[in-house]
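Trainee: give me a 3D structure for the following:
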Amino acid sequence: MPRQKGAFWNEYELDEDDLEAEKYRCKHCNTKYVKNASRLQTHLEKCVSYQNKLAVETTESTNTTSNNNNNEVVIRLQKKRRPIQVSIDGFTYKYSESDQKALENLLTRAFCLAGISFNVIENEDVKAVFQK
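Mentor: This next block holds a predicted model:
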C-alpha cells in the first residue's frame, strides 16, 4: 500500500503549462516547483504568504472539529526538521573486506607519495583518529 499524501499537497496546484516536468504552483505565492515532497513542504514552512494565512486562521479559529484538524496540520507543518547529520559523531559505516583492502592500499600510497614515515601510525593521536 503506498504512503498517504501529506496535507501540504492541498496547498499546491498542478501546473498544466509546463509539459517537460510535473510542476506544482503554491496557491499562496505562485512559486513553481518540480514535484519534490520535501522541497514543497520546506517551501510552506518558509512561505510568508502561507504563514500569514495560518496566523489569521489560528486567531480566528474556534473549538470546532474541522478547525482542530486544521490546527493539527499547522502544527505538523511548523515543526522544525532535525538536521540529518550535524557532526561526524553520529556517523557509522561498515566496510566490506574489499573496501578495507582498497582503503589500506590508498592509505599506503598516500603515505609513500607524501613522504610520511610509517612510524607516524604508532602515535597515539593518529591511532585515535584511525580508530574513530
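Trainee: low-confidence ranges, the chain, go.
Mentor: 1, 18-19, 61-93 (pLDDT under 70).
Trainee: pop the domain breakdown of it in here.
Mentor: 7-57, 97-130 (the TED database).
Trainee: hey, which of these is tucked in deepest?
Mentor: domain 7-57 (a mean of 14; mean count of other CB atoms under 10 Å). For every residue, glycine as well, the C-beta is placed using N, CA and C.
Trainee: how long is that one from one end to the other?
Mentor: Domain 7-57 has its terminal residues 16 Å apart, counting by CA to CA, to the nearest Å.
Trainee: gap between that domain and the chain center?
Mentor: 17 Å (CA atoms, centre = their mean, to the nearest Å).
Trainee: just stretch 94-111 next, same as before
Mentor: The answer for stretch 94-111 is 30 Å, by CA atoms, centre = their mean.
Trainee: and if you look at stretch 95-112?
Mentor: 31 Å.
Trainee: so which strand or helix has Leu14?
Mentor: strand 12-15 (DSSP states H and E).
Trainee: send the alpha carbons of the lengthiest helix in the chain over as CSV?
Mentor: The longest helix of the chain (DSSP state H) is helix 97-114. This file holds the C-alpha atoms of helix 97-114, laid out as CSV (Å, rounded to 0.1, in the frame of the first residue of the first chain):
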residue,chain,number,x,y,z
GLU,A,97,36.6,-6.7,3.2
SER,A,98,37.3,-5.4,-0.4
ASP,A,99,36.6,-1.8,0.8
GLN,A,100,39.0,-2.3,3.7
LYS,A,101,41.8,-3.6,1.3
ALA,A,102,41.2,-0.7,-1.1
LEU,A,103,41.3,1.8,1.8
GLU,A,104,44.6,0.3,3.1
ASN,A,105,46.1,0.5,-0.4
LEU,A,106,45.1,4.1,-0.8
LEU,A,107,46.5,5.0,2.7
THR,A,108,49.8,3.3,1.9
ARG,A,109,50.1,5.1,-1.4
ALA,A,110,49.3,8.4,0.3
PHE,A,111,51.9,7.9,2.9
CYS,A,112,54.6,6.9,0.4
LEU,A,113,53.9,9.8,-2.1
ALA,A,114,53.7,12.4,0.7
